[in-house]
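>>> below are the sequence and a predicted model for it; my questions follow.
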Amino acid sequence: MDSIFVIAFYTDAIITNGGPEGFNGLPGMILGIVMPRLNITYFATNVENYLANEDEVIAPTKGDKNNYATLETDLSSSLKQWGNIAQRMLWYVNI
């Protein structure tokens, strides 16, 4: 009784690897999770395919334009107190 069985139903037609309540890691979108011992069940009841029109996406008009060097400097100074973990986070941002 030291294990929890998790049963997941997923689709690879949706290429984003995500799911309910932070479950992810499968090669597609998780549409259902069942954990019998915990009496928990999540199932997608509806999936809609939505593509935004280019007319609906409007570029921002406010704010200042920055370049990559400015972004890296601002992030480094803001995360300086975080120590080594900040360097890892900056590395992920750079990918």
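In hand now; what should we look at? Please read all numbers here as calculations on a predicted model, not as lab measurements. Numbering: from 1, shown residues only.

>>> helices along this structure, start to end?
Assigned by DSSP state H, the helices in the chain fall at 68-78, 84-94.

>>> these: which one's closest to residue 23?
Nearest to residue 23, of all those, is helix 84-94, at 20.8 Å by C-beta to C-beta. C-beta here means a position set from N, CA and C on the backbone, and glycine is covered the same way.

>>> may I see the buried residues of the closest one?
Within helix 84-94, no residue is scored as buried using 16 or more other C-beta atoms under 10 Å.

>>> contacts for that helix?
Helix 84-94 has contacts (C-beta atoms under 8 Å, 6 or more residues apart in numbering) with 72, 75, 76, 79, 80, 82.

>>> and that helix, average pLDDT?
For helix 84-94, mean pLDDT is 76.

>>> still on that earlier bit, closest one to residue 45 among the helices of the chain?
Taking the helices of the chain one by one with C-beta to C-beta, helix 84-94 is closest: 33.5 Å.
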